[in-house]
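1. Requesting a structural model of the entry that follows:
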Amino acid sequence: MNYRMFKGVAFAGALLALNGFAEECKGVALYSDGSDNGQMIESGRTFPELPEWKANWGNFDGMNAPYIRLSGVKNVQGDWKGLLSFPTLPLHVEGGVLRLKVRATQNARFGIWLKGSLSESRIHYVELAANKTQSLEIPLAGLGVTGAMDVMNVGVGLFQVPQYQYTTLFFDDVGFSCVKNGAGGVSSSSFAMEITDESPWKYEFSNVDAWSVNRETRLLPAKEAEFSAAYSPQERNALISTTDADFCVSMLDHAKIVNSVQASEMTAKKSRLAWFDNLYTIVRNRLRENVVANPKQLYFEAEAVAANSDYTVIPLLVADLDYVYRACADDACGSTRNVNAHLLTAGLPTSFVRGSKVSLVLDPYFVVTKQRVLPSISVCVSGTCKSISPKERLELEFPSAGLQTIVFKMKSGGRSVEQKLFVEVK
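-> Numbering: from 1, shown residues only. This next block holds a predicted model:
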């Protein structure tokens with residue numbers, strides 16, 4: 001019986017192997033003519049600025065607008081690196097070449113590599129002459145990829161960029177010459193788990209208390225540094241004498257926070273940054289150290305979870321914080337007074353999701369608070385609302401592709417907040 005079973009498994013495996021060898025590979029474009037926007041993963045990004053996905057600085061020799069632009073300047077010499085996610089990824093590539101066009105405004109050392117589901121390839125370096133377009137065809141073997149690979153992201157970098165040198169990198173027509181099993185799919189013979197409705201990417205919840213200051217790294221290579229403090233020690237001491245609050249912001253910053261949470265319309269990109277920007281404003285205006293978990297760490301970890309699941313499993317970011325803002329005490333604003341305020345907000349670490357069905361997870365790891373009781377949260381899509389509790393996974397289904405609205409109804413103590421977040425369904 002065992003022998004017959006072994007023969008059956010072996011025969012099925014042989015058929016799979018024959019089918020794999022018989023299947024022809026095809027070329028697939030990741031980015032061409034500005035039709036497919038991507039996203040740069042924030043965790044580990046050292047490029048000074050985010051990409052412009054449909055840039056038009058005119059037509060160059062061998063490169064016509066629109067194209068991807070990465071620009072910036074730093075006050076120290078160093079490497080600028082980032083991982084790009086494109087709508088057609090992940091892809092199962094096998095042999096062939098990686099194609100792209102690239103140019104820079106300065107003489108520069110450009111590098112490109114592939115991030116797989118389990119590891120990264122070698123970096124392929126190219127010396128770029130200023131304002132000269134190069135059309136590259138890089139064999140996957142030259143990247144150290146000798147067999148098949150499930151490509152999740154494409155890494156790009158400029159290396160040893162001089163200090164105070166504003167540099168712009170352009171690239172276009174990015175694609176692979178040999179993709180199997182169709183665009184956006186993972187090979188059935190691959191060891192990487194295929195993401196389907198029946199077998200969603202497994203998310204492991206943490207055991208951390210939301211009010212704990214400490215968070216261990218999960219997917220990032222190292223802990224992120226805290227936001228720089230806005231106040232000098234002298235300014236802190238002066239403000240501490242006027243309030244027991246842990247955070248003190250300006251009246252203008254308070255108004256921006258309120259407007260952000262109450263916004264009825266917003267682009268998906270701006271919606272993605274709202275949680276991070278609000279926490280940045282509050283936490284950098286801290287009067288004491290080690291008050292709450294580092295929001296930057298949580299945001300980048302949440303983004304890494306989303307990227308690793310191919311944007312089908314999205315951690316929900318939550319903040320539940322008391323703070324004060326400095327309001328004018330008289331008409332001339334010659335003096336100020338501290339006014340108590342509170343931030344109760346939700347956030348998503350991505351501007352897009354993959355497919356009409358995604359999973360939202362509520363892990364205390366991604367909550368910034370000093371409260372011992374977490375907010376109650378209901379999530380509404382297309383008028384249908386469902387509650388989500390800590391360490392739960394909520395399946396969301398969107399009616400169509402394109403920009404979609406998610407409504408979050410949150411309660412904490414005697415406070416109630418209804419907030420809209422926006423995401424693009426691809």
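2. what residue ranges in the stretch 101-250 of the chain score low on pLDDT?
-> 181-201, 221 (pLDDT under 70).
3. Got the phi and psi for Thr350?
-> Backbone torsions for Thr350, taken as degrees, to the nearest 10, come to phi -140, psi 150.
4. Tyr311 is in contact with that one, correct?
-> Yes. The criterion here is C-beta atoms under 8 Å, and Thr350 meets it with Tyr311 at 5.8 Å. Any C-beta I mention is one placed from the backbone N, CA and C, and that applies to glycine too.
5. Kindly state the domain boundaries assigned to this protein.
-> When the chain is parsed into structural domains using automatic domain parsing, the resulting residue ranges are 25-180, 233-425.
6. Which of the ones you listed comes out lowest on mean pLDDT?
-> Taking each of the domains of the chain in turn, the one with the lowest mean pLDDT is domain 25-180, at a mean of 88.
7. what ranges do the helices span in the stretch 1-150 of the chain?
-> Listed in chain order, the helices of the stretch 1-150 of the chain (DSSP state H, counting those that start in this stretch) span 2-22.
8. Name the SS class of the residue nearest to Lys370 when sequence neighbours are not counted, please.
-> The shortest distance from Lys370 to any residue other than its chain neighbours is 5.5 Å, reached at Trp211 (C-beta to C-beta, 6 or more residues apart in numbering). With DSSP: H, G, I helix; E, B strand; the rest coil as the basis, Trp211 sits in coil.
9. Touching, Trp211 and Gln371? I think so.
-> Yes. Using C-beta under 8 Å, Trp211 is in contact with Gln371, at 6.4 Å.
10. The closest residue to Gly34 other than its chain neighbours - how many residues pack around it?
-> Nearest-residue entry for Gly34: Pro66, 3.2 Å, with adjacent residues in sequence omitted and distances by C-beta to C-beta, 6+ apart. Each residue near Pro66 was counted by other C-beta atoms under 10 Å, and the total is 16.
11. Repeat that for Pro364.
-> Applying the criterion other C-beta under 10 Å, we find 19 residues in the vicinity of Pro364.
12. Please name the residues that touch the closest residue to Glu395 other than its chain neighbours.
-> Ranked by C-beta to C-beta, 6+ apart and with sequence neighbours excluded, the top spatial neighbour of Glu395 is Ser359, at 5.7 Å. With contacts taken as C-beta atoms under 8 Å, 6 or more residues apart in numbering, Ser359 has the following neighbours: Pro200, Trp201, Tyr203, Thr312, Val313, Ile314, Arg393, Leu394, Glu395, Leu396.
13. do the same with Ala346
-> Trp275, Leu316, Leu317, Val318, Ile377, Phe408, Met410, Gln419, Leu421.
14. Same question for the helix or strand encompassing it: list its buried residues.
-> Using DSSP states H and E, the secondary-structure element containing Ala346 is strand 336-347. Using 16 or more other C-beta atoms under 10 Å as the test for burial, strand 336-347 gives Asn338, Ala341, Leu343, Leu344, Thr345, Ala346, Gly347.
15. beta partners for the fourth one?
-> Read it as Leu344. Listed beta-bridge partners, Leu344: Asp320 (assigned using DSSP bridges).
16. With just CA atoms, put stretch 310-325 into PDB.
-> Output for stretch 310-325, consisting of C-alpha atoms alone and laid out as PDB, is shown next (Å, rounded to 0.1, in the frame of the first residue of the first chain):
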ATOM      1  CA  ASP A 310       1.300  41.000  -0.900                       C
ATOM      2  CA  TYR A 311      -1.100  43.600   0.600                       C
ATOM      3  CA  THR A 312      -3.800  41.100   1.500                       C
ATOM      4  CA  VAL A 313      -3.300  41.200   5.300                       C
ATOM      5  CA  ILE A 314      -3.300  44.700   6.700                       C
ATOM      6  CA  PRO A 315      -2.600  45.600  10.300                       C
ATOM      7  CA  LEU A 316      -4.800  48.300  11.800                       C
ATOM      8  CA  LEU A 317      -2.900  51.100  13.400                       C
ATOM      9  CA  VAL A 318      -4.600  52.700  16.400                       C
ATOM     10  CA  ALA A 319      -3.700  55.700  18.600                       C
ATOM     11  CA  ASP A 320      -5.500  56.600  21.900                       C
ATOM     12  CA  LEU A 321      -3.600  59.500  23.500                       C
ATOM     13  CA  ASP A 322      -4.200  62.500  25.700                       C
ATOM     14  CA  TYR A 323      -2.300  65.700  24.900                       C
ATOM     15  CA  VAL A 324      -2.600  69.500  25.400                       C
ATOM     16  CA  TYR A 325      -2.300  72.300  22.900                       C
END
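17. tell me how far that stretch is from the chain's mean position?
-> Stretch 310-325 sits 14 Å away from the centroid of its parent chain (C-alpha atoms, centre = their mean, to the nearest Å).
18. thinking Glu120 is in contact with Ile112, fair?
-> No. Contact criterion C-beta under 8 Å: Glu120 and Ile112 do not qualify, at 11.5 Å.
19. all strands of the stretch 51-200 of the chain, in order?
-> Ranges of strands in the stretch 51-200 of the chain, per DSSP state E, counting those that start in this stretch, are 52-55, 67-72, 78-85, 91-94, 97-104, 108-116, 124-128, 134-139, 148-161, 167-180.
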